[in-house]
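Student: give me coordinates for this.
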Amino acid sequence: MPTSSRLVRGTLASVAGIAVGASLVAVLRTDPGTLPAPPTTLPPATAALPSTAPASTAPPGETTVESVLPTTTTVAEAVVIQGVGDVNFDPGYIPAFRADGYEIAFTGLDGAFLDDDVTVINLECSPALAGVAVDKEFVFQCDPSALPIARSYGVEVANLANNHGQDYGRAAMLEGRWNLWQSGIWPVGVGRNLEEAHRPAVVEAGGRRVAVLGFGGVHPSSSWLATDDRAGMADGDDIEGMAAAVAAAKAEADIVVVTIHWGIELITDPTEHDRRAAEAMIAAGADAIFGHHPHRLGEVEFIDGKPVFWTLGNFVWPRLSDAGATTAIARVIVSPDGAVVACQVPVFIESGGHPVLRGELRCPGE
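Tutor: Numbers count the residues shown, from 1 in each chain. Below you'll find the predicted structure:
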């Protein structure tokens with residue numbers, strides 16, 4: 001199993017002394033009002049996970065991003081950001097995980113996520129063991145033990161703002177958010193309130209700060225949405241709110257990336273609403289947008305020079321059809337002078353939960 005990401009270039013600010021381990025999921029069984037929020041920084045990735053839970057699961061006090069991120073004045077390198085669509089670690093939905101382990105989600109990718117600065121996924125499930133399934137046709141409960149494996153293969157950020165992030169209720173959603181953080185993966189798109197749901201991941205890479213925001217424009221009910229005093233997901237239909245969140249992130253970061261669950265199942269063309277949303281977010285400062293939900297791979301389009309990947313399709317998913325198995329890694333390179341190169345690197349889901357790289361991990365002009 002790989003032991004680290006390319007974070008020699010792109011480093012997540014770390015908190016000393018935080019134990020990291022999937023065993024924490026056996027401890028956290030609390031209500032949304034009592035489950036503590038993750039700090040604004042992440043523990044470092046680790047391959048040697050503890051076999052038992054630490055004595056205390058309480059995080060340190062929250063600190064501001066400015067107090068923990070290094071101050072840099074020189075932009076020395078290009079920043080490489082990659083994003084994918086729907087990822088699912090529910091062993092009931094993908095039985096191959098029980099036989100072959102969660103590593104099969106990454107072993108066909110030739111280390112693709114280890115050779116970039118930031119990898120962003122859409123986690124299409126509740127990554128917690130608590131909760132009760134809600135009444136809907138498809139519910140997914142991901143195994144939290146898959147999360148440190150994903151981190152060891154280079155995943156830095158996971159979006160939970162989608163139509164499956166609360167499949168087992170709000171408490172499980174918040175527990176899943178915590179489980180991601182404990183595994184070294186920055187959760188975005190959900191929180192104990194709207195402010196937390198709009199809080200970006202912030203990664204230092206190539207002498208610049210990269211902020212990642214998560215939004216969900218597909219949800220079973222408005223009750224899934226975060227408010228000032230209710231846990232939930234960031235509303236991906238609220239164009240004004242999303243643009244404001246992007247502008248706030250841009251004020252603190254050099255590069256802003258959005259990962260958003262939107263669109264219509266099996267339709268690769270964007271809706272008029274989603275096009276207006278993309279235009280508004282780019283006008284507010286977004287440098288790249290990774291879209292997902294339709295379960296089909298769409299096109300990348302440039303709006304004012306910024307790439308919009310309308311739908312990245314399935315990624316870690318059952319192989320249900322050739323169309324559904326055809327996917328890609330969205331690759332974005334921001335050069336030191338701010339120029340952006342972007343493309344889709346072809347990937348094919350050869351068997352359940354096992355995507356395989358089908359092209360060179362490089363964009364034309366890179």
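
Student: how close does the closest residue to T268 other than its chain neighbours sit to V80?
Tutor: Once flanking residues are discounted, T268 sits nearest to G298: 3.6 Å by C-beta to C-beta, 6 or more residues apart in numbering. All C-beta atoms are positioned from the backbone trio N, CA, C, and that covers glycine. From G298 across to V80, the span is 22 Å (C-beta to C-beta, to the nearest Å).

Student: got the residue ranges for the helices in the stretch 1-150 of the chain?
Tutor: 65-68, 96-100, 146-152 (DSSP state H, counting those that start in this stretch).

Student: what is the neighbour count of D135?
Tutor: D135: 7 surrounding residues under other C-beta atoms under 10 Å.

Student: number of residues surrounding I264?
Tutor: 14.

Student: tell me which helix or strand it sits in.
Tutor: I264 is part of no helix or strand, with elements assigned from DSSP states H and E.

Student: that one contacts P294, correct?
Tutor: Yes - I264 lies in contact with P294 (C-beta atoms under 8 Å); the separation is 6.2 Å.

Student: re earlier: of all the helices of the stretch 1-150 of the chain, which lies closest to V256?
Tutor: Comparing these by their distance to V256 (C-beta to C-beta), the top pick is helix 65-68, with 13.4 Å.

Student: hey, where'd the strands end up in the stretch 251-366 of the chain?
Tutor: Along the stretch 251-366 of the chain, counting by DSSP state E, counting those that start in this stretch, strands occupy 255-261, 288-292, 300-303, 306-309, 314-316, 326-334, 340-351, 354-357.

Student: ugh, typo on my part, it should be the stretch 1-150 of the chain
Tutor: Under DSSP E, counting those that start in this stretch, the stretch 1-150 of the chain gives strands at 10-11, 79-87, 118-123.

Student: strand partners of the last one, parallel vs antiparallel please.
Tutor: Pairing partners of strand 118-123, with direction, according to DSSP bridges: strand 79-87 (parallel), strand 157-159 (parallel).

Student: most packed of those?
Tutor: Highest mean neighbour count among the strands paired with strand 118-123 (mean count of other C-beta atoms under 10 Å): strand 157-159, with a mean of 30.

Student: and the angle for the following helix or strand past that strand with strand 118-123?
Tutor: As assigned by DSSP H and E, the chain's next helix or strand after strand 157-159 is helix 170-182. Using axes from the mean of the first three to the mean of the last three C-alpha atoms, to 10 degrees, the inter-axis angle of helix 170-182 relative to strand 118-123 is 160 degrees.
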